[in-house]
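Enquirer: Any chance you could fold what I've pasted below:
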Amino acid sequence: MFCSNCGKQLEEGSKFCNGCGSQVSSNDQTVSDSKRKIIFDGKIHKCPNCGSRLDAFEHKCKDCGYELRGSNVANVVKEFADKIEKTKSVSKKNELISNFYIPNTKEDIYEFFILATSNLSTDVVCYESWKAKLEQTYHKARLSFGNTPEFNYIEKLYNKTMKQYNKKTFNRILKKGWKFILGFFLATLGLVLMVWGNFKGSESGDPDSPFHMLSVMAFFPFLFGIGMFFWGAEKKSSSKIKVEEDNEDEEDM
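Expert: Just a heads-up that it's a prediction; the model follows:
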(Lines give C-alpha, C1' and ligand atoms only; values in the text may rest on other atoms or scores of the structure.)
Protein backbone atom coordinates (compact mmCIF):
# COMPACT_ATOMS: atom_id res chain seq x y z
CA MET A 1 0.00 0.00 0.00
CA PHE A 2 1.03 3.60 -0.60
CA CYS A 3 0.06 6.80 1.14
CA SER A 4 -2.46 8.82 -0.86
CA ASN A 5 -0.94 12.08 0.43
CA CYS A 6 2.82 11.67 -0.05
CA GLY A 7 3.08 8.41 -1.99
CA LYS A 8 5.36 6.68 0.50
CA GLN A 9 4.97 2.94 0.87
CA LEU A 10 2.98 1.92 3.99
CA GLU A 11 3.71 -0.94 6.29
CA GLU A 12 1.08 -3.61 6.38
CA GLY A 13 -1.64 -2.83 8.96
CA SER A 14 -0.53 0.77 9.46
CA LYS A 15 -3.24 3.29 10.34
CA PHE A 16 -1.03 6.35 9.87
CA CYS A 17 1.70 7.14 7.34
CA ASN A 18 5.15 7.19 8.96
CA GLY A 19 6.25 9.74 6.37
CA CYS A 20 3.65 12.52 6.60
CA GLY A 21 1.38 11.30 9.41
CA SER A 22 -1.76 11.18 7.26
CA GLN A 23 -4.46 8.69 8.25
CA VAL A 24 -4.58 5.59 6.08
CA SER A 25 -7.91 4.97 4.35
CA SER A 26 -9.26 1.78 2.88
CA ASN A 27 -8.99 2.96 -0.69
CA ASP A 28 -5.30 3.95 -0.47
CA GLN A 29 -4.31 0.74 -2.23
CA THR A 30 -6.49 1.49 -5.28
CA VAL A 31 -5.69 5.21 -5.39
CA SER A 32 -1.97 4.66 -4.99
CA ASP A 33 -1.80 2.00 -7.67
CA SER A 34 -3.74 4.28 -10.02
CA LYS A 35 -1.43 7.25 -9.35
CA ARG A 36 1.67 5.12 -9.73
CA LYS A 37 0.40 3.78 -13.05
CA ILE A 38 -0.14 7.31 -14.39
CA ILE A 39 3.21 8.56 -13.09
CA PHE A 40 5.40 5.65 -14.11
CA ASP A 41 3.56 4.04 -17.02
CA GLY A 42 2.08 7.16 -18.57
CA LYS A 43 -1.06 7.47 -20.68
CA ILE A 44 -1.10 6.10 -24.20
CA HIS A 45 -2.18 8.59 -26.89
CA LYS A 46 -2.78 7.75 -30.52
CA CYS A 47 -2.93 9.97 -33.59
CA PRO A 48 -6.56 10.37 -34.72
CA ASN A 49 -5.41 10.52 -38.32
CA CYS A 50 -3.09 7.50 -38.71
CA GLY A 51 -3.30 5.73 -35.34
CA SER A 52 0.41 5.99 -34.53
CA ARG A 53 1.44 6.20 -30.88
CA LEU A 54 2.16 9.71 -29.67
CA ASP A 55 4.57 10.74 -26.95
CA ALA A 56 3.47 12.91 -24.05
CA PHE A 57 3.14 16.65 -24.83
CA GLU A 58 3.54 15.97 -28.55
CA HIS A 59 1.67 18.47 -30.70
CA LYS A 60 2.22 16.90 -34.10
CA CYS A 61 2.29 13.27 -35.27
CA LYS A 62 5.82 12.38 -36.35
CA ASP A 63 4.51 9.83 -38.89
CA CYS A 64 1.83 11.75 -40.81
CA GLY A 65 2.33 15.35 -39.63
CA TYR A 66 -1.21 15.66 -38.26
CA GLU A 67 -1.47 18.56 -35.81
CA LEU A 68 -3.34 17.93 -32.56
CA ARG A 69 -5.70 20.51 -31.15
CA GLY A 70 -6.80 20.80 -27.54
CA SER A 71 -6.62 22.82 -24.37
CA ASN A 72 -2.92 22.00 -23.91
CA VAL A 73 -2.00 22.55 -27.53
CA ALA A 74 -0.92 26.02 -28.60
CA ASN A 75 -2.92 27.76 -31.30
CA VAL A 76 -0.46 27.68 -34.18
CA VAL A 77 -2.37 30.30 -36.18
CA LYS A 78 -2.37 32.79 -33.31
CA GLU A 79 1.32 32.19 -32.68
CA PHE A 80 2.04 32.73 -36.37
CA ALA A 81 -0.03 35.95 -36.48
CA ASP A 82 1.81 37.30 -33.43
CA LYS A 83 5.17 36.46 -34.98
CA ILE A 84 4.25 38.18 -38.25
CA GLU A 85 3.07 41.28 -36.38
CA LYS A 86 6.34 41.53 -34.46
CA THR A 87 8.51 41.05 -37.56
CA LYS A 88 9.50 44.34 -39.19
CA SER A 89 11.77 43.07 -41.96
CA VAL A 90 9.89 42.58 -45.24
CA SER A 91 12.17 39.77 -46.39
CA LYS A 92 11.74 37.90 -43.09
CA LYS A 93 7.96 38.34 -43.22
CA ASN A 94 7.86 36.92 -46.73
CA GLU A 95 10.02 34.02 -45.60
CA LEU A 96 7.76 33.28 -42.61
CA ILE A 97 4.63 33.38 -44.74
CA SER A 98 6.07 31.17 -47.48
CA ASN A 99 7.43 28.56 -45.04
CA PHE A 100 4.36 28.37 -42.82
CA TYR A 101 2.87 24.88 -42.79
CA ILE A 102 -0.91 25.01 -43.25
CA PRO A 103 -2.62 23.28 -40.27
CA ASN A 104 -4.63 20.07 -40.62
CA THR A 105 -7.60 20.68 -38.36
CA LYS A 106 -10.67 22.36 -39.83
CA GLU A 107 -10.71 24.99 -37.11
CA ASP A 108 -7.12 26.03 -37.77
CA ILE A 109 -7.58 25.93 -41.54
CA TYR A 110 -10.55 28.24 -41.21
CA GLU A 111 -8.70 30.61 -38.86
CA PHE A 112 -5.67 30.79 -41.13
CA PHE A 113 -7.88 31.35 -44.17
CA ILE A 114 -9.46 34.38 -42.48
CA LEU A 115 -5.99 35.61 -41.49
CA ALA A 116 -4.69 35.28 -45.06
CA THR A 117 -7.69 37.05 -46.64
CA SER A 118 -7.45 40.00 -44.26
CA ASN A 119 -3.68 40.38 -44.77
CA LEU A 120 -3.98 40.08 -48.54
CA SER A 121 -6.15 43.19 -48.46
CA THR A 122 -4.05 45.19 -45.98
CA ASP A 123 -0.41 44.06 -46.32
CA VAL A 124 0.92 46.07 -49.27
CA VAL A 125 4.47 44.68 -49.15
CA CYS A 126 3.86 40.93 -48.74
CA TYR A 127 0.72 40.56 -50.87
CA GLU A 128 2.32 38.07 -53.28
CA SER A 129 3.27 35.72 -50.42
CA TRP A 130 -0.17 36.01 -48.87
CA LYS A 131 -1.81 35.31 -52.25
CA ALA A 132 0.20 32.11 -52.74
CA LYS A 133 -0.56 30.95 -49.20
CA LEU A 134 -4.26 31.81 -49.56
CA GLU A 135 -4.51 29.68 -52.69
CA GLN A 136 -2.84 26.74 -50.90
CA THR A 137 -5.23 27.11 -47.95
CA TYR A 138 -8.24 27.24 -50.28
CA HIS A 139 -7.30 23.97 -51.98
CA LYS A 140 -6.60 22.30 -48.63
CA ALA A 141 -9.98 23.51 -47.32
CA ARG A 142 -11.67 21.99 -50.37
CA LEU A 143 -10.18 18.60 -49.49
CA SER A 144 -10.81 18.88 -45.75
CA PHE A 145 -14.30 20.42 -45.69
CA GLY A 146 -15.81 18.83 -48.79
CA ASN A 147 -19.18 20.07 -49.99
CA THR A 148 -20.31 21.64 -46.74
CA PRO A 149 -21.86 25.01 -45.80
CA GLU A 150 -18.55 25.96 -44.19
CA PHE A 151 -16.65 25.43 -47.44
CA ASN A 152 -19.34 27.26 -49.45
CA TYR A 153 -18.69 30.28 -47.25
CA ILE A 154 -14.94 29.90 -47.71
CA GLU A 155 -15.37 29.66 -51.48
CA LYS A 156 -17.50 32.82 -51.65
CA LEU A 157 -15.00 34.70 -49.50
CA TYR A 158 -12.11 33.40 -51.63
CA ASN A 159 -13.73 34.50 -54.92
CA LYS A 160 -14.56 37.93 -53.47
CA THR A 161 -11.03 38.39 -52.12
CA MET A 162 -9.40 37.36 -55.42
CA LYS A 163 -11.57 39.82 -57.38
CA GLN A 164 -10.48 42.61 -55.05
CA TYR A 165 -6.86 41.47 -55.35
CA ASN A 166 -6.96 41.46 -59.18
CA LYS A 167 -8.51 44.93 -59.18
CA LYS A 168 -5.88 46.29 -56.80
CA THR A 169 -3.12 44.62 -58.81
CA PHE A 170 -4.34 46.31 -62.00
CA ASN A 171 -4.49 49.70 -60.26
CA ARG A 172 -1.04 49.08 -58.77
CA ILE A 173 0.40 48.36 -62.21
CA LEU A 174 -1.14 51.52 -63.63
CA LYS A 175 0.11 53.58 -60.70
CA LYS A 176 3.67 52.26 -60.73
CA GLY A 177 4.05 51.34 -64.40
CA TRP A 178 2.39 54.16 -66.29
CA LYS A 179 5.80 55.61 -67.18
CA PHE A 180 6.81 52.28 -68.74
CA ILE A 181 3.54 52.01 -70.66
CA LEU A 182 3.55 55.60 -71.90
CA GLY A 183 7.28 55.53 -72.69
CA PHE A 184 6.94 52.29 -74.63
CA PHE A 185 3.95 53.64 -76.57
CA LEU A 186 5.69 56.90 -77.54
CA ALA A 187 8.95 55.16 -78.46
CA THR A 188 7.12 52.61 -80.60
CA LEU A 189 4.98 55.28 -82.29
CA GLY A 190 8.00 57.44 -83.03
CA LEU A 191 9.98 54.52 -84.44
CA VAL A 192 7.09 53.44 -86.68
CA LEU A 193 6.60 56.99 -88.01
CA MET A 194 10.33 57.40 -88.68
CA VAL A 195 10.53 54.16 -90.66
CA TRP A 196 7.28 54.82 -92.51
CA GLY A 197 8.22 58.45 -93.31
CA ASN A 198 11.65 57.48 -94.66
CA PHE A 199 10.11 54.73 -96.76
CA LYS A 200 7.42 56.97 -98.22
CA GLY A 201 9.85 59.84 -98.79
CA SER A 202 12.29 57.58 -100.60
CA GLU A 203 9.48 56.08 -102.64
CA SER A 204 8.29 59.49 -103.81
CA GLY A 205 11.77 60.55 -104.94
CA ASP A 206 11.15 64.10 -103.76
CA PRO A 207 13.80 65.37 -101.30
CA ASP A 208 11.31 68.00 -100.07
CA SER A 209 8.57 65.42 -99.46
CA PRO A 210 6.54 66.01 -96.26
CA PHE A 211 7.23 62.39 -95.40
CA HIS A 212 10.84 63.30 -94.73
CA MET A 213 9.68 66.05 -92.39
CA LEU A 214 7.37 63.57 -90.66
CA SER A 215 10.28 61.21 -90.17
CA VAL A 216 12.34 63.97 -88.56
CA MET A 217 9.47 65.05 -86.29
CA ALA A 218 8.86 61.45 -85.21
CA PHE A 219 12.33 61.37 -83.72
CA PHE A 220 11.23 63.63 -80.86
CA PRO A 221 8.41 61.41 -79.46
CA PHE A 222 10.72 58.42 -79.92
CA LEU A 223 13.46 60.13 -77.87
CA PHE A 224 10.97 61.34 -75.24
CA GLY A 225 9.51 57.84 -74.90
CA ILE A 226 12.94 56.28 -74.40
CA GLY A 227 13.77 58.86 -71.72
CA MET A 228 10.49 58.29 -69.87
CA PHE A 229 11.00 54.51 -70.01
CA PHE A 230 14.45 54.71 -68.42
CA TRP A 231 13.27 57.32 -65.92
CA GLY A 232 10.64 54.90 -64.64
CA ALA A 233 13.16 52.05 -64.51
CA GLU A 234 15.64 54.16 -62.53
CA LYS A 235 12.96 55.22 -60.02
CA LYS A 236 11.84 51.63 -59.53
CA SER A 237 15.42 50.47 -58.98
CA SER A 238 16.00 53.22 -56.43
CA SER A 239 12.88 52.20 -54.52
CA LYS A 240 13.98 48.56 -54.54
CA ILE A 241 17.45 49.46 -53.24
CA LYS A 242 15.90 51.58 -50.48
CA VAL A 243 13.69 48.68 -49.34
CA GLU A 244 16.70 46.34 -49.29
CA GLU A 245 18.73 48.85 -47.28
CA ASP A 246 15.88 49.24 -44.78
CA ASN A 247 15.73 45.46 -44.40
CA GLU A 248 19.47 45.28 -43.76
CA ASP A 249 19.23 48.05 -41.14
CA GLU A 250 16.40 46.20 -39.38
CA GLU A 251 18.39 42.96 -39.37
CA ASP A 252 21.42 44.73 -37.89
CA MET A 253 19.24 46.17 -35.13
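Enquirer: hey, where'd the strands end up in the stretch 151-253 of the chain?
Expert: Under the criterion DSSP state E, counting those that start in this stretch, the stretch 151-253 of the chain carries no strands.
Enquirer: And the helices in it?
Expert: Taking DSSP state H, counting those that start in this stretch as the test, the helices found in the stretch 151-253 of the chain are 210-217, 219-252.
Enquirer: can you tell me which of the ones you listed the model trusts least?
Expert: Mean pLDDT is lowest for helix 219-252 among the helices of the stretch 151-253 of the chain, at a mean of 62.
Enquirer: I'd say G201 and A218 touch.
Expert: No: here G201 lies out of contact with A218, judged by Cβ atoms under 8 Å, at a distance of 11.8 Å. Every C-beta, even on glycine, is put in place using the N, C-alpha and C of the backbone.
Enquirer: Tell me who's in contact with the residue nearest the centre of the chain.
Expert: For the chain, the residue sitting closest to the mean C-alpha position, by Cα atoms, centre = their mean, is I97 at 3.2 Å. Shown in contact with I97 (Cβ atoms under 8 Å, 6 or more residues apart in numbering): I84, C126, S129, W130, K133.
Enquirer: separation between it and D108?
Expert: 16 Å (Cβ to Cβ, to the nearest Å).
Enquirer: re earlier: mind checking pLDDT for the residue nearest to the centre of the chain?
Expert: Note on I97: pLDDT of 93.
Enquirer: Which helix or which strand is home to it?
Expert: Element membership for I97 (DSSP states H and E) is helix 90-99.
Enquirer: Rounded mean pLDDT for the helix or strand following that helix, please.
Expert: Following helix 90-99 in sequence order, the next helix or strand is helix 106-122 (DSSP H and E). Regarding helix 106-122, the rounded mean pLDDT is 88.
Enquirer: now swap in stretch 64-71 and tell me
Expert: Stretch 64-71 shows a mean pLDDT of 61.
Enquirer: circling back to that earlier point, ChimeraX command to pick out the buried ones of the contacts of I97?
Expert: Buried members of the contacts of I97, defined by 16 or more other Cβ atoms under 10 Å, are picked up in ChimeraX with:
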select :84,126,129,130,133
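Enquirer: Tabulate the contacts of I97 (CSV), appending secondary structure.
Expert: Shown next, in CSV, are the contacts of I97 (DSSP: H, G, I helix; E, B strand; the rest coil):
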residue, secondary structure
I84, helix
C126, coil
S129, helix
W130, helix
K133, helix
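Enquirer: Rebuild the contacts of I97 as TSV, extending it with pLDDT.
Expert: Below are the contacts of I97 laid out as TSV (pLDDT from 0 to 100):
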residue	pLDDT
I84	91
C126	89
S129	92
W130	93
K133	94
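Enquirer: Can you pick out the most distant pair from the contacts of I97?
Expert: Spatially, the most separated pair among those is I84 and K133, at 11.1 Å (Cβ to Cβ).
Enquirer: Outline the domain layout of the chain.
Expert: 34-73, 76-146, 168-237+246-250 (automatic domain parsing).
Enquirer: Among those domains, which comes closest to K156?
Expert: For the domains of the chain, proximity to K156 was assessed by Cβ to Cβ; domain 76-146 is nearest, at 11.2 Å.
Enquirer: Give me the distance between the closest one and the centre of its chain.
Expert: A distance of 3 Å separates the C-alpha centroid of domain 76-146 from that of its chain, computed with Cα atoms, centre = their mean, to the nearest Å.
Enquirer: Distance across that domain, terminal residue to terminal residue?
Expert: 23 Å (Cα to Cα, to the nearest Å).
Enquirer: any idea what sits nearest L214, other than its immediate chain neighbours?
Expert: Nearest non-adjacent residue to L214, counting by Cβ to Cβ, 6 or more residues apart in numbering: G197, 4.0 Å away.
Enquirer: what pLDDT does that neighbour get?
Expert: 84.
Enquirer: What is the burial count for it?
Expert: Per other Cβ atoms under 10 Å, the neighbour tally for G197 reads 21.
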